[in-house]
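1. Fold the following, please.
(one chain, ligands or ions: 1)
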Amino acid sequence: MLSEKIRTLPESATLRASERAKELAAKGVKVLRFDIGEPGFDTPAHIVEAAYEAMRKGLTHYGSSRGLRELREAICQKFEEEYGADLDPDDNVIIAPGTKYAIYAILEAILNPGDEVLLLSPCWVSYEGITLLAGGKARFISSNRNFRPDVEALKEGMSKRVKAIIINSPNNPTGVIFDEREVKAIAEVAHDEGALLISDEIYEKIIFEGKHVCALRFMSPEEGCVVVNGFSKAFAMTGWRLGYVVGPKELIAGINKIMQQTVSCVPPFIQWAGYVALTSPKSEEAINEMVMELKRRRDILYEGLRSLKGLRLIKPKGAFYFFPEVEKPDISSVDLANYLLERYAIMVVPGKPFGGYDKHIRISYGAVGDVEIKEFLERLRKALEEIEGKSAS
Ligand SMILES: Cc1ncc(COP(=O)(O)O)c(C=O)c1O
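-> Sure, this is the predicted structure:
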């Protein structure tokens, strides 16, 4: 029944793994969930209230396929204040049901069959699947051993078939933040080669050290810079499905057609909540509190993971993930993640779907407490010792 495209489309590696963890939990196994890619905080109360208020006021009907004008204006204002970008709310911004859908709509709007998208890896698992779904081919450009982007490799990877480059900083899964020099160099490659630069900036507010560099500082929308972002991470709004695209007029008009022919619009009361999230002074306080708590967890985990033998680790500076290399055991990341789940009831994501990192695992600390962290470190220590013992014998 299924088309060739959908039959061969991989399931989301993270969502599939999560199903297995739920199965085990239903059998009474206490699974420690270090796989979940979301901040386990409540959406701040003033944002929830704004949605109720908007529903009561009647924002419950179809709205503009481009999104509420107030929200688009607030997004332009944010970019102007934070990055000095001059954007037009009608031409340069469109609201989407989540950043994931926003990326899909961009690729659907630009790719012809056989066109390529370059992904700076390690990178978020979904870029590859979304590219395939939109009819393109994904090609990974590996970063260096410390997960810094390899601009020379990117240049070599360019060809006439490359329609877009996707970057993500702060990065999922590494927690690395690209610096000004790196973002500028990548923007220059995209510009010189006539490819779109799609910069996924969804972790922009979750930073412990350093600062976020917005790609728009080095390339304007009309030159082919596209920024995607959303409310899931900064405002703990994963279930609300709210994101947006900032980009050139022609692309935004193309995405608008996709919106018109698919979802029609993002629910207006949800967009209103997004508007309040962006404009209320209460939001900054909520974000600061969340980031402080995430940093605290990062520090505890960093010390704990560093003390384990057999892990090569980089201290993440943003987002809420570790992406250590498991140095010794001769075991694939998928087998390792399965083993950790089935034998030790700890759930992490294998590195392979993040661009072929088959010696790595992704550990997320977005939704875990201190007791779980302690227990996790203990179970992981035992597991690594056991694997090491097996491979030695
Ligand atoms: C890098 C990156 N981009 C986008 C998303 C998805 O965001 P949204 O919930 O807005 O679709 C995620 C979620 O894990 C992510 O890690």
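
2. Now do the buried residues in the helix ranked longest in the chain.
-> Across the chain, the longest stretch assigned as helix under DSSP state H is helix 281-306. Going by neighbour count (16 or more other Cβ atoms under 10 Å), the buried part of helix 281-306 is 283, 286-287, 290-291, 293-295, 297-298, 301-302, 304-305. (C-beta placed from N, C-alpha, C; glycine too.)

3. That helix - contacts with which helices or strands?
-> Packing partners of helix 281-306 (3 or more Cβ pairs under 8 Å, 6 or more residues apart in numbering; DSSP states H and E): helix 45-56, strand 321-322, helix 370-392.

4. Which other helices and strands does the first one contact?
-> For helix 45-56, the contact count by 3+ Cβ pairs under 8 Å, 6+ apart identifies helix 268-279, helix 281-306 as packing neighbours.

5. Likewise for the second one?
-> Using 3+ Cβ pairs under 8 Å, 6+ apart, the elements in contact with strand 321-322 are helix 281-306, strand 361-364.

6. quick one: contacts of it?
-> 37, 172-175, 301-302, 305, 313, 316, 362-366 (Cβ atoms under 8 Å, 6 or more residues apart in numbering).

7. how far away is residue 79 from the ligand?
-> 17 Å (Cβ to the nearest ligand atom, to the nearest Å).

8. ignore the last one, residue 361
-> Counting by Cβ to the nearest ligand atom, the gap from residue 361 to the ligand is 16 Å.

9. Can you tell me how far residue 69 is from residue 109?
-> Applying Cβ to Cβ, to the nearest Å, the value for residue 69 to residue 109 is 22 Å.

10. quick one: which of those two has more around it?
-> Under the criterion of other Cβ atoms under 10 Å, the comparison of residue 69 against residue 109 puts residue 109 first, with 19 against 15.

11. Give the full set of residues in contact with the residue of the stretch 251-393 of the chain found nearest the ligand.
-> Residue nearest to the ligand within the stretch 251-393 of the chain (Cβ to the nearest ligand atom): residue 319, separated by 7.5 Å. The contact partners of residue 319, taken as Cβ under 8 Å, 6+ apart, are 170-172, 175, 203, 206, 233.

12. Kindly reformat the helices and strands packed on helix 45-56 as a markdown table and extend each row with distance to residue 11.
-> Formatted as a markdown table, the helices and strands packed on helix 45-56 follow (distance: least, Cβ to Cβ, whole Å):
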| stretch | distance to residue 11 |
| --- | --- |
| helix 268-279 | 27 |
| helix 281-306 | 28 |
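
13. From the contacts of strand 321-322, keep the buried residues only.
-> 37, 172-175, 301-302, 305, 316, 362-366.

14. Between those, which sits nearest residue 332?
-> residue 362 (14.4 Å; Cβ to Cβ).

15. For the closest one, which residues are in contact?
-> 35, 173, 321-323, 348-351, 354.

16. Output the set of residues of the stretch 101-250 of the chain in proximity to the ligand.
-> Within the stretch 101-250 of the chain, the positions near the ligand by Cβ under 6 Å from any ligand atom are 124, 168, 172, 200, 202, 230, 232, 238, 243.

17. Quick check: strands, which of these are part of them?
-> Here DSSP state E is the test, and those give 168, 200, 230, 243 as lying in strands.

18. Okay, angle between the longest helix of the chain and helix 268-279 too, please.
-> 80 degrees (axes from the mean of the first three to the mean of the last three Cα atoms, to 10 degrees).

19. quick one: helix 281-306 to chain centroid distance?
-> Put simply, helix 281-306 sits 18 Å off its chain's centre (Cα atoms, centre = their mean, to the nearest Å).

20. Just checking: what are the partner strands of the helix or strand just after it?
-> The helix or strand immediately downstream of helix 281-306 is strand 311-312, counting by DSSP states H and E. In the sheet, strand 311-312 lines up against strand 325-326 (antiparallel) (DSSP bridges).

21. Identify all contacting residues around the strand it pairs with.
-> So strand 325-326 is contacted by 310-313, 333, 336, 357, 359-361, 384 (Cβ under 8 Å, 6+ apart).

22. Quick check: the farthest pair among the residues you listed?
-> It's 357 and 384 that sit farthest apart of those, by Cβ to Cβ, at 17.7 Å.

23. how close does the nearest residue to residue 280 once chain neighbours are set aside sit to the ligand?
-> In space, and not counting its chain neighbours, residue 280 is closest to residue 46: 5.6 Å by Cβ to Cβ, 6 or more residues apart in numbering. Going from residue 46 to the ligand by Cβ to the nearest ligand atom gives 20 Å.

24. Test my guess that residue 189 contacts residue 164.
-> No. Counting by Cβ atoms under 8 Å, residue 189 stays clear of residue 164, with 12.0 Å between them.

25. Looking at those two, which has the bigger crowd around it?
-> Between residue 189 and residue 164, counted using other Cβ under 10 Å, residue 164 has the larger neighbour count: 22 against 19.

26. The residue of the stretch 251-393 of the chain closest to the ligand and residue 166: what is the separation?
-> Residue 319 sits at a distance of 16 Å from residue 166 (criterion: Cβ to Cβ).

27. With residue 337 instead?
-> 24 Å.

28. ditto for residue 68
-> Per Cβ to Cβ, residue 68 is found 27 Å from residue 166.

29. Comparing the two, which residue is more hemmed in?
-> The residue with more neighbours, out of residue 68 and residue 166, is residue 166; 26 against 22, by other Cβ under 10 Å.
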